[in-house]
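> Fold the stuff below for me.
(chains A and B)
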Number of protein chains: 2
Amino acid sequence: MKQYIFGVDIGGTSIKFGLFEESRALLKKWEIPTDCRDSGRNILPDVCAAIHGAMQEQRLRPEMIVGVGVGVPCIVDRKGVVLGAANIGWGVCHPAKVLEERLKLPVIVKKDSAMASLGEMVYGAGKGSSDLVMITLGTGVGCGIIAEGNVLTGIFGGAGEIGHICVNEAETEKCGCGKKGCLEQYTSARGIVRLAKVYLEKHSEESVLRNQMITAKTVFDAVKRKDEAAIEIAKQFGNYLGKGLATIAEIVNPEMFIIGGGVSNAGEILLKYVKPVFEQSVIPFCRGTRLVLAELGNDAGIYGAAETVRIEKHHSRKIF
Amino acid sequence: MKQYIFGVDIGGTSIKFGLFEESRALLKKWEIPTDCRDSGRNILPDVCAAIHGAMQEQRLRPEMIVGVGVGVPCIVDRKGVVLGAANIGWGVCHPAKVLEERLKLPVIVKKDSAMASLGEMVYGAGKGSSDLVMITLGTGVGCGIIAEGNVLTGIFGGAGEIGHICVNEAETEKCGCGKKGCLEQYTSARGIVRLAKVYLEKHSEESVLRNQMITAKTVFDAVKRKDEAAIEIAKQFGNYLGKGLATIAEIVNPEMFIIGGGVSNAGEILLKYVKPVFEQSVIPFCRGTRLVLAELGNDAGIYGAAETVRIEKHHSRKIF
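All right, here's what the predicted structure looks like:
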């Protein structure tokens, strides 16, 4: 009997689904909008309905499903407990338990950035490596750390909260977390916009950025057009990210960094501003650490979620 | 037949040995001076002679020895290769191979700080935990990171090189590694002396430190006597270490930090200057991370080295 795995990635605006053969082939992927109303109470029922619908459509009986892997946009502790996920409205909950009860299938829930790093390791830019750090530059800054093939979780599920390491002692504006000078304040999509606004206010030179809505994309588009202000902003971005990566390299010593998330759509130009700072800031023996762009785009999460189920089955752990 | 394990810790001034029963009881410990002459070429023969001597004395036949764990003061990659260990004169070498050939026993070689963290986890301040970071404040700053019971090694064996994370962008003096503002420049034994000298030069107040040789010990002794200059120096030390630990906590999310090494002999007073800065600098959910003092002193290395052999045997990995 052929076996199948569902990979699910719950985000702030959409929930992505992938149906995989156990052999790793992706059969089908689709998405639905995330219903954040009423403290996100419809999200898990929506996930169940989507999976049941796909099972009916593909004529899959429960015994043909190895399990369901689910990435969520928040910290998950080792028992599967979520203490809260502001961007989808959740308070304290145990999503794996809820889903298992409704689906009658094995379910694993982990932080989305952990899932994405696993996806890139197995199917994307990290193929062949088992020691990597994936950085997701999106609305916030996420991170998945993989050491010898294992995703680090940390004692409360908080490993990889690198968006909040301090990279600027001199910052006066507060980050959402309450601290000042967090990496996220300069390298997330929102952080880049903030850098740009501050720069344009302080300087008077002409720039294409003055005549359009500023986003991470418009900043890097302007860099490609050699806009001087945009280049200065990209340098600041590269400076903070390069120094942040140096610190992570010295602590974890990965083989490579994979840069993903919406901001990374800027492409290779982005690495041009990060690499030199990284190499100059890091302890000499880590200079060779590779910096590459993610390859799976928005699909990294579903690939990684499916892979988590495969790994757990292989180790015959927990749920099987 | 009873089984035995040797734990060895090669340091810059002495080599420590422990003979353990497989049940973890320590039967005997002793040390010999480290002979660093001639690029440290006598070190491994000395280790072999000491082990052979102990085997004769205790009437242990080779088949009664599970293996020999050896901590070395340098980075060791996953294949056991050392690229160099300046403080004992070694260049590129493969100490495990050399020892195995001479001893005809299974040998595991790892970085001393990794061994020490394992020792504290199993026998010392980390008992009951499997997620901890041990910081060794000695001549330099070492670190062993344990996640879910496994010591992180990093792709080149460089995980935990936290002595060289940057904690002061404004530093003008170079660290031994070539960078500026490394944690080691402020929190190693030598770093504290440097902080003290700079402070005393810049300020004119009376201090007991002006009339004696300055060491980490005399600084913290003066703190205990409420010497105001010493208190200011301890605050600077605590500021850098607290911020460094915050960064590590955000990346690795351990259950606890264990502070060891010669500097930690100052006792609880040391934590008094680190804890408040840590709690104020770290992302809120990590504030509860415990900061404790190491308990095994100089013996952590031999305990951890023996434990490594036990773990490898348990997993039937590599050498057995």
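> Contact residues of the stretch 51-200 of chain A facing chain B?
Of all the residues in the stretch 51-200 of chain A, those in contact range of chain B (CB under 8 Å from any CB of the partner chain) are A:75, A:83, A:131, A:145, A:147-148, A:150, A:152-162, A:164-166, A:169, A:177-179. Bear in mind the C-beta positions are built from the backbone N, C-alpha and C, glycine included.
> Quick one: buried ones out of the residues you listed?
Among those, those scoring as buried are A:75, A:131, A:145, A:147, A:150, A:152-162, A:164-166, A:177, A:179 (criterion: 16 or more other CB atoms under 10 Å in any protein chain shown).
> what about residue A:314, neighbour count?
Residue A:314 is flanked by 9 other residues according to other CB atoms under 10 Å in any protein chain shown.
> Give me the pLDDT for it.
Residue A:314 is assigned a pLDDT of 81 by the prediction.
> any idea how far it lies from chain B?
According to CB to the nearest CB, to the nearest Å, residue A:314 stands 16 Å off from chain B.
> dump the residue contacts of that residue.
When the contact criterion is CB atoms under 8 Å, 6 or more residues apart in numbering or on different chains, residue A:314 has no partners at all.
> re earlier: next step: the buried ones among the residues of the stretch 51-200 of chain A next to chain B restricted to helices.
Per DSSP state H, helices hold no members of those.
> Could you say which helix or strand holds the residue nearest to residue A:266 when sequence neighbours are not counted?
For residue A:266, ignoring the flanking residues on the chain, the nearest one in space by CB to CB, 6 or more residues apart in numbering or on different chains is residue A:220 at 3.5 Å. In this structure, residue A:220 is located in helix A:216-224 according to DSSP states H and E.
> Residues in contact with that helix: which ones?
Residues beyond helix A:216-224 that count as contacts (CB under 8 Å, 6+ apart) turn out to be A:137, A:189, A:192-193, A:196, A:207-209, A:212, A:229-231, A:233-234, A:262-263, A:265-267, A:269-270.
> What values do phi and psi take at the residue in the stretch 1-150 of chain A positioned nearest to chain B?
Of all residues in the stretch 1-150 of chain A, residue A:131 sits closest to chain B, at 4.6 Å by CB to the nearest CB. Summarising the backbone geometry of residue A:131 under the convention degrees, to the nearest 10, its torsions are phi -140, psi 90.
> residues contacting it?
For residue A:131, the set of contacting residues under the criterion of CB under 8 Å, 6+ apart consists of A:146, A:147, A:148, A:253, A:254, A:255, A:256, B:154, B:155.
> Could you rerun that using 6 Å?
The contact partners of residue A:131, taken as CB atoms under 6 Å, 6 or more residues apart in numbering or on different chains, are A:147, A:254, A:255, B:155.
> Setting aside sequence neighbours, what's the nearest residue to the residue nearest the centre of chain A?
In chain A, the residue lying closest to the centroid (CA atoms, centre = their mean) is residue A:113, at 3.5 Å. Here the nearest residue to residue A:113 in space, its sequence neighbours aside, is residue A:142; by CB to CB, 6+ apart that works out to 3.4 Å.
> what about the residue of chain A most remote from its centre, which SS state?
With distances taken as CA atoms, centre = their mean, the residue sitting farthest from the centre of chain A turns out to be residue A:204, at 35.9 Å. Residue A:204 falls in the coil class when you classify it by DSSP: H, G, I helix; E, B strand; the rest coil.
> Now do the same contact list for it.
Applying CB under 6 Å, 6+ apart as the definition, residue A:204 turns out to have no contact partners.
> gap between it and chain B?
Distance from residue A:204 to chain B, counting by CB to the nearest CB: 28 Å.
> In the beta-sheet assignment, what are the partners of residue A:258?
Here residue A:258 shows beta-bridge partners residue A:134, residue A:292, assigned using DSSP bridges.
> Is it correct that it is in contact with residue A:294?
Yes: taking contact to mean CB atoms under 6 Å, the distance of 5.2 Å between residue A:258 and residue A:294 places them in contact.
> Find residues that contact each of these two.
Common neighbours of residue A:258 and residue A:294, counting by CB under 6 Å, 6+ apart, are A:120, A:125.
> can you tell me which two in the contacts of residue A:131 are farthest apart?
Between any two of those, the greatest separation by CB to CB is 10.2 Å, found for A:147 and A:255.
> which residues sit in contact with the residue in the stretch 51-200 of chain A that chain B sits nearest to?
Chain B sits closest to residue A:154 of the stretch 51-200 of chain A, with a gap of 2.4 Å, by CB to the nearest CB. Under the criterion of CB under 6 Å, 6+ apart, the neighbours of residue A:154 are residue B:253.
> per-residue pLDDT, residue A:241?
Per-residue confidence at residue A:241 stands at 98 (pLDDT).
> Show me what the strand or helix carrying it packs onto, helices and strands only.
Under the criterion DSSP H and E, the helix or strand holding residue A:241 is helix A:228-252. The criterion is 3 or more CB pairs under 6 Å, 6 or more residues apart in numbering or on different chains; DSSP states H and E, and the helices and strands that helix A:228-252 contacts are helix A:184-187, helix A:189-202, helix A:216-224, helix A:268-281.
> tell me what the second one is packed against?
Which is helix A:189-202. Counting contacts by 3+ CB pairs under 6 Å, 6+ apart, the secondary-structure elements packed against helix A:189-202 are helix A:184-187, helix A:216-224, helix A:228-252.
> hey, which of the ones you listed is tucked in deepest?
By mean neighbour count, with neighbours taken as mean count of other CB atoms under 10 Å in any protein chain shown, helix A:184-187 ranks first of those at a mean of 27.
> Show the pLDDT at residue A:155.
With respect to pLDDT, residue A:155 scores 96.
> Hmm, residue B:255 and it touching each other?
Yes: with contact defined as CB under 6 Å, residue A:155 reaches residue B:255; the gap is 4.2 Å.
> Quick one: distance of stretch A:305-314 to the chain centre.
Mean C-alpha position of stretch A:305-314 versus that of the full chain (CA atoms, centre = their mean, to the nearest Å) differs by 18 Å.
> and it, which residues are buried?
By 16+ other CB under 10 Å, the buried positions in stretch A:305-314 come out as A:305, A:306, A:307, A:308, A:309, A:310, A:311, A:312, A:313.
> closest to residue B:238 among the residues you listed?
Here the nearest of those to residue B:238, counting by CB to CB, is residue A:308; it sits at 40.1 Å.
> Please check the contacts of helix A:216-224 and keep the buried ones.
Among these, the ones that count as buried (16+ other CB under 10 Å) are A:137, A:189, A:192-193, A:196, A:207, A:209, A:229-231, A:233-234, A:262-263, A:266, A:270.
> returning to that earlier point: and the buried residues of stretch A:305-314, which two are the farthest apart?
A:305 and A:313, at 13.4 Å, using CB to CB across the buried residues of stretch A:305-314.
> and residue A:136, helix, strand or coil?
Three-state assignment for residue A:136 (three-state DSSP): strand.
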